[in-house]
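J.: Whatever this is, show me its structure:
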Amino acid sequence: MLNEEICKMRDKLNKSIEKNLDYSIIYKISVELDILIARYYNEKLINAKNA
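T.: Predicted structure coming up:
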């Protein structure tokens, strides 16, 4: 689930860069992607501790 969100956000970021959108938009998408990636690794860490 979170993996899919990361892939979609990465695609959105890549498309915004290709379209040469305003830097503030690209930055916002990049930050959102970073947050998703951090959530992904936090979940992995929690799952590893509980195993």
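
J.: rest of the way, CA atoms for contacts and neighbours
T.: OK.

J.: Read off the pLDDT value for A51.
T.: pLDDT, A51: 83.

J.: Compute the distance between it and N42, please.
T.: Separation of A51 from N42 (CA to CA, to the nearest Å): 14 Å.

J.: between the two, who's got more neighbours?
T.: More crowded of A51 and N42, by other CA atoms under 10 Å: N42, with 12 against 5.

J.: which SSE is that one in?
T.: Assigned by DSSP states H and E, N42 falls within helix 23-50.

J.: now for that helix, which elements pack on it?
T.: Applying 3 or more CA pairs under 8 Å, 6 or more residues apart in numbering; DSSP states H and E, one finds that helix 23-50 contacts helix 2-18.

J.: Just give me how far the helix holding N42 sits from the chain centre.
T.: 5 Å (CA atoms, centre = their mean, to the nearest Å).

J.: Kindly report the same for stretch 10-26.
T.: So, by CA atoms, centre = their mean, the centroid of stretch 10-26 is 13 Å from its chain's centroid.

J.: spatially speaking, which residue is in the middle of this structure?
T.: Nearest to the mean C-alpha position of the chain, by CA atoms, centre = their mean, lies L33 at 2.2 Å.

J.: Quick check: chain neighbours aside, which residue is closest to that residue?
T.: Using CA to CA, 6 or more residues apart in numbering and skipping the chain neighbours, the partner closest in space to L33 is M9 (5.9 Å).

J.: tally of neighbours for I25?
T.: When neighbours are counted by other CA under 10 Å, I25 registers 14.
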